[in-house]
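Enquirer: fold the stuff below for me.
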Amino acid sequence: TNICNSLSGEGMYYPIGGPRALSHALATVIEQNGGRVVTQVPIASLVFEEESSPDQSRKTRDGDEIPPRCIGVKFADDRQVSIDPSKWKTHAPVVISMHGFVTTFIRLLPEDVRVKYKVPRGLPALSEQRPVFKIMFALDGSAADLELTGADFYRLPGAALAQDEIDPLTGHVKPGEIGWLDDTSGEDMEIKVDDVNQDTTENPQESSVSRGKREKGVLTGTKKKSRDKFETGASWIHISFPSAKDPSFQSRHGHVSTCVVTIEADDDFVTFFDTKPKLYAIQKGKENSADLQRLVERVRKDLFENYPQLQGKIVHSQLLGPLHRGLSHNPERFAAKGVRPESPYPGLFVGGSDLTVESFNGSMVGGWLAANAVTGYNWVDYLFLQKNVTTDIVRYLDPPDVPDEEDLAVPYQVPKESDSKDE
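Expert: From the prediction side, this is the model:
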């Protein structure tokens, strides 16, 4: 469906009221059914059952110990939400992490549990994407006043550069591969992909970094390379105008517009570690640094170069980040057998865009896949039996009472022709 929409000349769907409307509608359904929604509280770690003695530990047919069950989460403020599995004979509650594989199994999994029971198969061979900054601008004027559209602007340096070969004598061009910026040949890439799922006894963080070895104050796991900095007019950037996509925005907020600029974080704010998997660590204490202010100014300059009509229209700006993004979308990531909703730990499932592609729609589909995994459905059910959580809802629940008018999460009135002419 997402691919068909992207190929359609009409563009893709956008919720009236923005993504926040979906969040409010989902929260309402959860609370109406006895659930609770907690926001703005970071998760510190996952909570697992206390392990039994070695003599009483559960083992598989191959003699391997079964990992402990995930029973809840612990917040950064030391509050804990957990369940007692012994009170549930069947269908005990589970934990679904939408944070992605790196954050779930490297940052949230307790170290003693990770060292003993490892991480999903193939994860140590993968890489984390570079974190991003999001700079949000409030603009004076409506989308019509500022000549803004719902189309996003992307600059993808090197994304479609072909490694063509030119004959120096004849000038004949031999087309090469598109998108490969390293020296890895096709044969080497096949070998690299085949090695992704090789089982290893090495813990993913059992490198010089996790063991704390240092050489002259520098972590030996840090990969030495040229510093990555944002360059105006050259670096990767994504510019979006959410207010121009939402037809109800002006009626709710008046003649203002919003702009969100996404860029990759500089090496001044994140540090790359050549571990297993490859990680980025966010540097602390840079919230009000001069480097951050200079970065925002370079982004503002880039925004004006692409949208000159916005000069003098910015009334407020706010920066968020750096924010982790999940796994890199390289061939190894799609070959890893452990990148799936089910995890080696009972009661723990993974959703989000790491299962699909990096996008808002991809995250929703990843959540749908996780919900199906919890119920026990697999690809055979999807493709051949037409069984999934969606068809279950349609089949077993009573149809909702459809009101006379559309049930919108955010009130919306179609503007009158006279109003549009006056504008």
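
Enquirer: ok, the residue nearest to residue 143 when sequence neighbours are not counted - how many residues close by?
Expert: Excluding the flanking residues, the one nearest residue 143 by Cβ to Cβ, 6 or more residues apart in numbering is residue 244, at 4.0 Å. C-betas here are computed from N, CA, C, even on glycine. By other Cβ atoms under 10 Å, the residues close to residue 244 number 22.

Enquirer: what helix or strand is residue 244 on?
Expert: Secondary structure from DSSP states H and E places residue 244 in helix 242-245.

Enquirer: and that helix, what does it pack against?
Expert: Here helix 242-245 touches helix 249-253, strand 256-264, going by 3 or more Cβ pairs under 8 Å, 6 or more residues apart in numbering; DSSP states H and E.

Enquirer: if we go to 7 Å?
Expert: The contact analysis (3 or more Cβ pairs under 7 Å, 6 or more residues apart in numbering; DSSP states H and E) places helix 242-245 against strand 256-264.

Enquirer: could you give the mean pLDDT of the following helix or strand past the strand it packs on?
Expert: Next helix or strand after strand 256-264 toward the C-terminus (DSSP H and E): strand 270-273. For strand 270-273, the mean per-residue pLDDT is 89.

Enquirer: may I see the buried residues of strand 270-273?
Expert: Within strand 270-273, the residues scored as buried using 16 or more other Cβ atoms under 10 Å are 270, 272-273.

Enquirer: just the helices in this structure please.
Expert: Secondary structure of the chain by DSSP state H: the helices cover 2-7, 19-32, 101-102, 111-117, 143-146, 186-194, 242-245, 249-253, 290-306, 331-335, 360-375, 379-380, 389-396, 417-422.

Enquirer: so which of those helices gets nearest residue 73?
Expert: helix 111-117 (13.8 Å; Cβ to Cβ).

Enquirer: ranges for the strands of the stretch 1-150 of the chain?
Expert: 43-48, 70-75, 80-82, 95-97, 132-140 (DSSP state E, counting those that start in this stretch).

Enquirer: single out the most deeply packed of these.
Expert: strand 95-97 (a mean of 21; mean count of other Cβ atoms under 10 Å).

Enquirer: picking up where we left off before, okay, the helices of the chain, which one's buried deepest?
Expert: helix 101-102 (a mean of 26).

Enquirer: got a list of contacts for it?
Expert: By Cβ atoms under 7 Å, 6 or more residues apart in numbering, the surrounding residues in contact with helix 101-102 are 120, 123, 128, 277, 279, 326-327, 339, 350, 354.

Enquirer: and the furthest pair within the residues you listed?
Expert: With Cβ to Cβ as the measure, no two of the contacts of helix 101-102 lie farther apart than 279 and 350, at 17.2 Å.

Enquirer: so which of these two has more stuff around it?
Expert: Shown here are residue 279 and residue 350; by other Cβ under 10 Å, residue 350 has more neighbours (27 against 21).

Enquirer: apart from its neighbours in sequence, what residue is nearest residue 355?
Expert: The spatial neighbour of residue 355 that comes closest, neighbours along the chain excluded (Cβ to Cβ, 6+ apart), is residue 366 at 4.1 Å.

Enquirer: what's the distance between the one you found and residue 34?
Expert: Distance, residue 366 to residue 34, by Cβ to Cβ, to the nearest Å: 25 Å.

Enquirer: where does the stretch 1-150 of the chain dip in pLDDT?
Expert: Along the stretch 1-150 of the chain, the model assigns pLDDT under 70 to residues 1-11, 51-64.

Enquirer: correction: the previous question concerned the stretch 151-300 of the chain.
Expert: Looking along the stretch 151-300 of the chain with the criterion set at pLDDT under 70, you get 158-164, 176-227, 287-288.

Enquirer: how long is stretch 117-127 from one end to the other?
Expert: 21 Å (Cα to Cα, to the nearest Å).

Enquirer: that stretch: how far from the chain's middle?
Expert: The chain centre lies 18 Å from the centre of stretch 117-127; the measure is Cα atoms, centre = their mean, to the nearest Å.

Enquirer: now swap in stretch 327-342 and tell me
Expert: 13 Å.

Enquirer: equivalent analysis for stretch 95-109, please.
Expert: On Cα atoms, centre = their mean, the centre of stretch 95-109 falls 11 Å from that of its chain.

Enquirer: what's the answer for stretch 32-42, then?
Expert: Mean C-alpha position of stretch 32-42 versus that of the full chain (Cα atoms, centre = their mean) differs by 21 Å.
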